[in-house]
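>>> fold the following.
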Amino acid sequence: MTAPSSTPRRPSSNGRAANTISPEPRLGQRGPEVQAFGTLRQLPIGLSKAVRGESCRLLNEILADSMVLTALYKKHHWLVAGPTFYQLHLLFDKHAAEQLELVDLIAERVQTLGGIAVGDPRHAAELTSIPRPPDGAEAVGGMIDRLLEAHEGTILGVRKAIERTEENGDAGSNDLLVGDVLRRHELQVWFIAEHVVEMPPVAVTRGAD
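Numbering: from 1, shown residues only. Next up, the predicted model:
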């Protein structure tokens, strides 16, 4: 018969034995950072480390802009006022939801390449090219102009990434950027820009006498 072990069971932080089953939540757990931002895991997808690294860097810049643009749309969704409140309130929210979809697609592409996607809004704020708006509310024209400026800055980064991913043979990232990201931004620019065209509410056309 084997003698019982004299080694006591190590208690956990909440007082129970570490090798027992318990419904108590394991609180206060922390772990080491297993992959640093800017580094790559080796994934067998037929792309060199250099190509994957450049794609991750470019995608993360676009991801940061997309996260900030999403938040900007939500801010304006809440604070817009005036005769066009209802239309813009709904449109800004729709565009925010569409940008959030892009955020997920871009982040998943970075992970697919073996990188680390920007995930913290505070990190995104450090990387974004979009200027910070005032903390208060702006007039509607200022909101729209700020959104158009943010879109254009992001689009410039997208076009640069499209060129580089095509040159590098990263077809997966290139397809995402052309088919999803660029086209969505261009469509949103059209919808927003039409709200600042100086046009009477109703065009009256006189018939022939």
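>>> the helices in the chain, which residues?
Counting by DSSP state H, the chain has these helices, from start to end: 49-79, 85-112, 121-127, 140-168, 171-176, 183-193.
>>> looking at those helices, which is buried most?
Mean neighbour count, computed with mean count of other CB atoms under 10 Å, is highest for helix 49-79 among the helices of the chain, reaching a mean of 21. The way it works is simple: take the backbone N, C-alpha and C, and place the C-beta from them, glycine included.
>>> if we can go back for a sec, can I get the helices of the chain in TSV with mean pLDDT?
Converted to TSV, the helices of the chain look like this (pLDDT from 0 to 100):
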stretch	mean pLDDT
helix 49-79	97
helix 85-112	97
helix 121-127	95
helix 140-168	97
helix 171-176	97
helix 183-193	97
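>>> what sits against H76?
The neighbourhood of H76, defined by CB atoms under 8 Å, 6 or more residues apart in numbering, consists of 88, 92, 143, 147.
>>> quick check: nearest residue in space to the third one, chain neighbours excluded?
Which is M143. H76 (4.6 Å; CB to CB, 6 or more residues apart in numbering).
>>> if I look at the one you found, how far off is A117?
Per CB to CB, to the nearest Å, H76 is found 25 Å from A117.
>>> what does L187 give?
From L187 across to A117, the span is 24 Å (CB to CB).
>>> do the same with E166
In terms of CB to CB, E166 sits 22 Å off from A117.
>>> surely R184 is in contact with L102?
Yes: between R184 and L102 there is a contact at 6.1 Å, judged by CB atoms under 8 Å.
>>> what residues of stretch 37-50 count as buried?
Under the neighbour-count criterion of 16 or more other CB atoms under 10 Å, stretch 37-50 has L47 buried.
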